[in-house]
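# Kindly generate the corresponding structure for this input.
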Amino acid sequence: MIKIKNLIRCDSCDRLINSNTIKVYDKHLKPGIQARLWECPHCNEKHTIVVMDKTSRRMMEENRKDRIKIGNLNKRYMALSKAGQQADHLLKQTDKLWERINKRTSDLDERSQKLKLEYEALT
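Model prediction:
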């Protein structure tokens, strides 16, 4: 799948499709494991976007919570900076959170790719 400015090329029929017209849906594979798919409107080929399990969803939720923490730290930093107070410690906390998010995202990508390959081998 190649994405170019809201256009996606189907790997099967090689046609360009506007990404806004694609219907994405979830398919439950086993308890706790689901695949997110889209179907080409031209050739009806199903394309797997991601396969998620319980651990994947937990990791995504942890990233979401860390991003909220970063937003709150940024607000505190701005408030302290406007008041002329030192707030560098907040930037260090933000950097640590971003490192954690990036590491988790990398692990999540690897996990999702492994699950996707397992799913595609079954179909």
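
# alpha carbons only for contacts and neighbour counts from here, please
Fine.

# So for the longest helix along the chain, mean pLDDT?
Ranked by residue count, the top helix of the chain under DSSP state H comes out as helix 88-122. Summarised as a single mean, pLDDT over helix 88-122 is 92.

# On the three-state scheme, the residue located most distally from the centre of the chain is what?
Going by Cα atoms, centre = their mean, the residue of the chain most distant from its centre is Gly84, 37.5 Å out. Assigned with DSSP: H, G, I helix; E, B strand; the rest coil, Gly84 falls in the coil class.

# Tell me the spacing between it and Leu37.
According to Cα to Cα, to the nearest Å, Gly84 and Leu37 sit 51 Å apart.

# follow-up on the earlier one: and the longest helix of the chain, what does it pack onto?
strand 46-52, helix 54-82 (3 or more Cα pairs under 8 Å, 6 or more residues apart in numbering; DSSP states H and E).
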